[in-house]
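Colleague: Sequence and predicted structure, then a few things I'm wondering about:
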Amino acid sequence: MLIVHVGTQKTGSSSIQHFLRENEGLLRESGISYISAVREWSDHNKLARELRSDTADTPRADAVVAEITARGYDKYLLSAEELFHKRVPGRLFDHLTRHLDMEVRIVCYLRRPDHLMEALYKQRVKTGDIKPWPLRYLDANKWECDYLPVLDAFADRFGMEHVTVRPYARPHLKDGDIVADFLDVTGLRMNGSPTRSMPEDNPTFSSAVSEMMGFCVRNSDIRFYDLNEKIAGLDWPNLKKSGDVYNRATRLRLLEELEPGLREIARRYGEDLWQTLSFDDLREGGSFAFPSEHDRAELALQAGKAVLFAAMRLKG
């Protein structure tokens, strides 16, 4: 069996990948191979980029097939959040079925679309990849949270019965943990005690911290990873915050547009998914609260202090 973990983005994929990488030897002793061909440190995103491209040549996919063919394990694993793309299923299926005769299982995790878009915006703005224009970013990239067409593409090729969709929300994960849930869902059992040294989560900075980090990275020689590490180590209030990029109206507009597809996903892959994808908290009388102008000003002030402090420390 080949298990293909396709993300999606910002659903704990790096935690799964680092766990598999750290326990690679134990997995092999248990008849499971975390495929090493074309793997970066812990993921297979190079393969995903090849399959998403227009190139006819597929040396990375060829290398994956060659490794599977040469080894005699019971199960093989691929993991890359960038595999969750409409172009991937067809090319992956054609390549695998041309060369291999084995069951393929697709596993993915979904978070509510507005939560995904906020997380992606913060990640990309703090690295300096984009400028702090959240609405422009949402309009240009909301295809990334339109899950149904991609799931349809995987189901059309591999069969809906071979596609597992899980909610990415702690209350609905086994033991509230993404790695434990992944091992349970995939049925991976190891002969021994696995280790786990990587913290599960990266800090969720406020929108203000993320945007000021990006400004610093774009306009200085300070590296993002150094700045991120310094700020993550600060035990200051008001540096970490969720729900502060898009207001209620923007979120509701996005989710109402996607609602038919989200309900169809829950109907096909498990009604428990709707508990994660539903958005009653955004409707009138709901619990969602966007920070007030006063609160946003306080967040911005604290963000400025933190980024300046970290930059000064890094520059000595």
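Modeller: Good, I have the coordinates.
Colleague: now the helices: where do they sit in the stretch 201-316 of the chain?
Modeller: Counting by DSSP state H, counting those that start in this stretch, the stretch 201-316 of the chain has helices at residues 207-218, 224-232, 248-269, 272-277, 293-315.
Colleague: Residue 4 is nearest to which of those helices?
Modeller: Distance to residue 4, taken as Cβ to Cβ, is lowest for helix 248-269 among the helices of the stretch 201-316 of the chain, at 15.9 Å. Every residue, glycine included, has its C-beta placed from N, CA and C.
Colleague: Distance from the closest one to the middle of the chain?
Modeller: In terms of Cα atoms, centre = their mean, to the nearest Å, the centre of helix 248-269 is found 19 Å from the chain centre.
Colleague: now swap in stretch 45-63 and tell me
Modeller: From the chain centre to the centre of stretch 45-63 is a distance of 20 Å (Cα atoms, centre = their mean).
Colleague: Can you name the residues in contact with that stretch?
Modeller: Stretch 45-63 has contacts (Cβ atoms under 8 Å, 6 or more residues apart in numbering) with 37-40, 64, 78, 80-83, 85, 87-88, 91-92, 95.
Colleague: can you do 10 Å?
Modeller: With Cβ atoms under 10 Å, 6 or more residues apart in numbering as the test, stretch 45-63 has contacts from 4, 6-7, 13, 17, 35-40, 44, 64-65, 78-92, 94-96, 98-99.
Colleague: Buried ones among these?
Modeller: The neighbour count (16 or more other Cβ atoms under 10 Å) marks 4, 6-7, 13, 17, 35, 37-39, 44, 64-65, 78-85, 88-89, 91-92, 95-96 as buried among those.
Colleague: Of the residues you listed, which belong to strands?
Modeller: In this view, the buried ones among the contacts of stretch 45-63 that belong to strands under DSSP state E are 4, 78-79.
Colleague: could the residues you listed go into a markdown table alongside pLDDT and distance to residue 278?
Modeller: Shown next, in a markdown table, are those (pLDDT from 0 to 100; distance: Cβ to Cβ, whole Å):
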| residue | pLDDT | distance to residue 278 |
| --- | --- | --- |
| 4 | 98 | 28 |
| 78 | 98 | 31 |
| 79 | 98 | 28 |
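Colleague: And stretch 185-197, what's buried?
Modeller: Burial within stretch 185-197, assessed by neighbour count using 16+ other Cβ under 10 Å, is assigned to 185-186, 188.
Colleague: Noted, bye for now.
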